[in-house]
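Asks: A structural model of the following input is requested.
(one chain, ligands or ions: 1)
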Amino acid sequence: MNAKDYSRRNFIRRLVGGGAAITGAGIFIQGCQGDNNSSTKTDSGSAPVSADPCSDFSGVSAAELEKRKKFGYVDKTPEEGKACHNCGLFIPWEKEKTCGGCLLFKGPVHTDGYCMQWAAKAQPA
Ligand code: SF4
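Replies: Now for the predicted structure:
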């Protein structure tokens with residue numbers, strides 16, 4: 001092995017190592033962007049980041065939209081005294097007063113909304 005081979009080998013090692021670092025940085029940046037743009041935060045009960053979170057269905061899959069439809073969800077309840085805000089399956093969002101999430105499907109539901117799965121919220125003892 002001469003000095004020239006050694007130098008070439010070092011160059012390739014640095015190139016590969018640098019590529020791994022760049023790839024790692026790219027994955028990190030992509031991961032951060034995914035969090036900021038995701039509307040799937042409803043899984044944890046927090047509001048998605050959007051100008052109008054109550055109408056933001058970006059990131060909600062067709063299957064989840066179909067569940068909502070199957071349960072007969074409507075934005076305004078037809079049943080007096082039964083609405084999402086007093087349903088045991090409602091997930092209130094910290095910063096939203098007019099909508100929140102539902103344990104049954106992803107995406108926003110209006111506090112005055114309703115579906116056939118409505119269940120009375122347990123009252124504190
Ligand atoms: S189960 Fe139906 S009524 Fe209850 S919060 Fe979900 S969508 Fe609203």
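Asks: residues in this protein within reach of the ligand, list them.
Replies: Within reach of the ligand by Cβ under 6 Å from any ligand atom, the chain has these residues: 73, 84, 87, 89-90, 102, 104, 109, 113-115, 117-118. (Each C-beta comes from the backbone N, C-alpha and C, glycine too.)
Asks: by neighbours, which of the residues you listed wins?
Replies: Greatest neighbour count in these, by other Cβ atoms under 10 Å, goes to Val109: 27 neighbours.
Asks: thinking that one is in contact with Glu96, fair?
Replies: No - the criterion here is Cβ atoms under 8 Å, and Val109 misses it with Glu96 at 10.6 Å.
Asks: and the helices in this protein?
Replies: If you assign secondary structure with DSSP state H, the helices in the chain sit at 3-37, 62-70.
Asks: worst mean pLDDT among those?
Replies: Ranked by mean pLDDT, those bottom out at helix 3-37, with a mean of 44.
Asks: looking at the residues of the chain next to the ligand, which are in strands?
Replies: Assignment to strands by DSSP state E places the following of the residues of the chain next to the ligand there: 90, 102, 109.
Asks: could you find the closest non-adjacent residue to Lys76?
Replies: Of all residues not flanking Lys76 in the chain, Asp112 sits nearest, at 5.6 Å (Cβ to Cβ, 6 or more residues apart in numbering).
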